[in-house]
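# Next comes the sequence, and after it the predicted model I'd like to discuss.
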Protein chains: 2
Amino acid sequence: MSELSEQIVNLGERSYPILIGSGLLKQDGILDPFVGDADVFVVTNDVVGPLYLKMLNALLGTRRIDSIELPDGEVHKTIASFESILDRLVAGRFARDALLITLGGGVVGDIGGFAAAAYQRGIRFIQVPTTLLAQVDSAVGGKTAVNHPGGKNLIGAFHQPSAVLIDTDTLVTLPDRELRAGLAEIVKYGLIVDAEFFAWLEVHAAELLAREPAALHHAIRRSCQLKAAIVAEDEREAGRRALLNLGHTYGHAIERCAGYGAWLHGEAVAAGICMAAEFSARLGYLESGDTGRISALFTALALPTSAPKLGVDDFMAAMSIDKKVVAGEIRLVLLHSIGSAEVTADYPSAELAALLAEQLVR
Amino acid sequence: MSELSEQIVNLGERSYPILIGSGLLKQDGILDPFVGDADVFVVTNDVVGPLYLKMLNALLGTRRIDSIELPDGEVHKTIASFESILDRLVAGRFARDALLITLGGGVVGDIGGFAAAAYQRGIRFIQVPTTLLAQVDSAVGGKTAVNHPGGKNLIGAFHQPSAVLIDTDTLVTLPDRELRAGLAEIVKYGLIVDAEFFAWLEVHAAELLAREPAALHHAIRRSCQLKAAIVAEDEREAGRRALLNLGHTYGHAIERCAGYGAWLHGEAVAAGICMAAEFSARLGYLESGDTGRISALFTALALPTSAPKLGVDDFMAAMSIDKKVVAGEIRLVLLHSIGSAEVTADYPSAELAALLAEQLVR
């Protein structure tokens, strides 16, 4: 058993810990303080369930447990999947004091979290993320959602978990492509608030790709720490939390226009961040040396640095239904330098059109 | 234009006013402080829309407005209706700063409110209740939901409106049966916290049934005042707010077992309250003089005082999936006297079974 890190997300009476370590899913009693003697319903998928559900059930002991295995993939992040969870909760007569556990990646966490938010107007839940992306990003902060055919994460709720349990051993079974997708969100934290962490990532890129445990542990811990601090400051994304959307408005449009599932979220975010950097440079905010460092790091992490060929009009339409639109304007995250960013709708829209024309058709 | 009453629901930064008066839907500018220059999406139904939508649109002036007319009735309080609203919000590219208005009864308010809670993880909304039941109960307090085939209001959210606008003139078009259903919830307030109000209702029952404006205005104002105070004390129903469920666990079971739509919610609540009173008397809490006054008032208001013939097992199953179940026990509201009630799971379950056997088969 390796080092156990604990980060607290400080949200007053809704505060909760993020537990990070190797072998946590084998650590007897680790969930007891959060579960009590509640009935438990586990939401997982048909890839992760066969690998880790037994282990989770063993941790839960003699409590009443039921579970659902959703089909794997972003394409199933739908209201229909959300309903299938609710049907099972009702059929199993789970009461308002029951607890839901999500075991899987971001899709499972987002759908399961939204079901927990809506069932009986909200029951408690615990996130057990098993992908790198979910561990460093989607499992922390209480955003839950499903997709609408018209746009990503358009239907959901803010619903904070009671705890996040990150067993880094689960990364052993993660496909390379998904590991890389998670690294994209890790890079994001360096870019928006922590230049030193970005520099550390430049040095340790190869170790991360090789799944060197100490490097992964540090990257996860630091990412959770940075995210927890931002969420504690601005739970409902009234201001600063929007920095976490760096590259995401472009990224969501890539995911939607390429067809959900074709690009992994983290891949789309990597390309989207490069577009955001390019736009920041075009507006004179970011130096070209910095855009070079950014694309070099994504290249070192074997992540895409540009969008695929897509229709500009479709892309623009997808960007404008994204949740960052306020008063008719698309709010974007611009980089000032590595480690410093701002959210703004104050940019020349002709420049955005020019960027898309250049980036999407090349 | 008659007297305008304003009650405030005190919830810190989520506080909002309840505006009550005659002719409010014709009062230019009354919604401006809450709407600002937001795009507006109106949720109504095919009975209320033709009567009042034009009037509401005129109040909203030149703002961008779109609307949906759901089919009328509890049977349409479904996830499918919720989805149809979301589809329209997405198709109309409504952004996170848009505002939703519900115009109609409790069903419209509950579905529309839940759509506002979930769209883009929450947009602002205003309740414009046009039935007596919605005006005195469902439009106030932030509970939103849709039904599940397995139980009423099982899927939803707490999402407080930005304002509640009650134009008492809309009651002119309300069918008698629905007016009476609303009176059931008004009686409830007297029973749980205000003996003096209950006595006032006994005296003014005939005036209320005859829709005498001054009597209706007083009953609505006092009900909103009492509900606002309870909600302010316990927004998320951790304790005292559960008093508002007097008769509702029985009532929800009646609605479900009789088939949604066969009994109006208020009718089921009246019968449910009589069952709750009977149970309280059976346990020695309530004097028989009081049970007599309660059923006499409901009779005077032409409301049912007992459940229809139903299967005891089905009824018990419906009661136990209701949201008041904690730690495997059905929490019920018991009356100590008129004006005084408590929530408890501490009663002999054999007595509950005996009550159901007696009440449901007679």
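Yep, that arrived. Residues are numbered from 1 along each chain as shown, chains lettered A, B, ... in the order given.
# what about A:Val146, helix or strand, and which?
strand A:143-148 (DSSP states H and E).
# touching chain B at all, the first helix or strand past that strand going along the chain?
Per DSSP H and E, the first helix or strand lying C-terminal to strand A:143-148 is strand A:151-158. Yes - Strand A:151-158 lies within reach of chain B by CB under 8 Å from any CB of the partner chain, at A:Gly151, A:Asn153, A:Leu154, A:Ile155, A:Gly156, A:Ala157, A:Phe158. For the C-beta atoms, the positions are set from N, CA and C on the backbone; glycine is no exception.
# Please give the number of neighbouring residues around the third one.
Okay, so that is A:Leu154. Using other CB atoms under 10 Å in any protein chain shown, A:Leu154 is surrounded by 22 other residues.
# next one: the fourth one
Here the count is done by other CB under 10 Å, and A:Ile155 has 25 residues near it.
# need the contact list for it.
Going by CB atoms under 8 Å, 6 or more residues apart in numbering or on different chains, A:Ile155 touches A:Ile79, A:Phe114, A:Ala145, A:Val146, A:Asn147, A:His148, B:Leu86, B:Ala118, B:Tyr119.
# which one of these is nearest B:Ser22?
B:Tyr119 (32.6 Å; CB to CB).
# Can you name the residues of chain A sitting close to chain B?
A:79, A:83, A:86-87, A:90-91, A:93, A:95-97, A:117-122, A:143-145, A:148-151, A:153-158, A:236, A:320-321, A:323-328.
# For A:Arg241, give its distance to chain B.
12 Å (CB to the nearest CB, to the nearest Å).
# what pLDDT does that residue get?
Looking at A:Arg241, its pLDDT reads 95.
# Can you tell me the closest non-neighbouring residue to it?
A:Asp234 (4.1 Å; CB to CB, 6 or more residues apart in numbering or on different chains).
# Which secondary structure state is assigned to the nearest residue to A:Ala258 once chain neighbours are set aside?
Leaving aside its chain neighbours, A:Ala258 sits nearest to A:Pro308 (5.9 Å; criterion: CB to CB, 6+ apart). Here A:Pro308 is coil, with the state taken from DSSP: H, G, I helix; E, B strand; the rest coil.
# pLDDT score for A:Pro308?
94.
# how many other residues sit next to it?
13.
# Ramachandran angles for it?
A:Pro308 adopts backbone torsions of phi -70, psi 170, taken as degrees, to the nearest 10.
# repeat for A:Ser5
Torsion angles, degrees, to the nearest 10, at A:Ser5: phi -100, psi 140.
# residue ranges for the strands of the stretch 1-150 of chain A, please.
For the stretch 1-150 of chain A, strands defined by DSSP state E, counting those that start in this stretch occupy the ranges A:5-9, A:16-21, A:40-45, A:65-70, A:99-104, A:124-129, A:143-148.
# Columns mean neighbour count and mean pLDDT on top of these, output as TSV?
TSV is the format used below for the strands of the stretch 1-150 of chain A (neighbours: other CB atoms under 10 Å in any protein chain shown; pLDDT from 0 to 100):
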stretch	mean neighbour count	mean pLDDT
strand A:5-9	17	93
strand A:16-21	22	97
strand A:40-45	25	98
strand A:65-70	18	98
strand A:99-104	28	98
strand A:124-129	27	98
strand A:143-148	25	97
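# which residue does the stretch 101-250 of chain A bring closest to chain B?
A:Gly150 (3.8 Å; CB to the nearest CB).
# May I ask you to confirm that that residue is in contact with B:Leu89?
No - in this structure, A:Gly150 is not within contact of B:Leu89 by CB atoms under 8 Å, at 9.1 Å.
# These two - which one has more neighbours?
Neighbour totals were compared for A:Gly150 and B:Leu89, and B:Leu89 leads with 28 against 16 (other CB under 10 Å).
# Got the confidence number for A:Met1?
So A:Met1 comes in at 45 (pLDDT).
# typo on my end, A:Ser320
The predicted local confidence for A:Ser320 is 86.
# which residues touch the closest residue to it other than its chain neighbours?
Spatial nearest neighbour of A:Ser320, excluding adjacent residues (CB to CB, 6+ apart): A:Ile330 at 5.9 Å. The contact partners of A:Ile330, taken as CB under 8 Å, 6+ apart, are A:Thr249, A:Met319, A:Ser320, A:Asp322, A:Lys324, A:Ala345, A:Leu352.
# Can you turn the buried subset of those residues into a selection I can paste into ChimeraX?
Burial among those is assessed by 16 or more other CB atoms under 10 Å in any protein chain shown; the matching ChimeraX selection reads:
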select /A:249,319,320,322,324,352
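# Tell me which of the contacts of A:Ile330 fall in helices.
Mapping the contacts of A:Ile330 onto helices (DSSP state H) picks out A:Thr249, A:Met319, A:Ser320, A:Leu352.
# beta partners for the residue in the stretch 251-362 of chain A that chain B sits nearest to?
Across the stretch 251-362 of chain A, the shortest distance to chain B (CB to the nearest CB) belongs to A:Val325, at 4.0 Å. On the basis of DSSP bridges, A:Val325 is bridged to A:Ile330.
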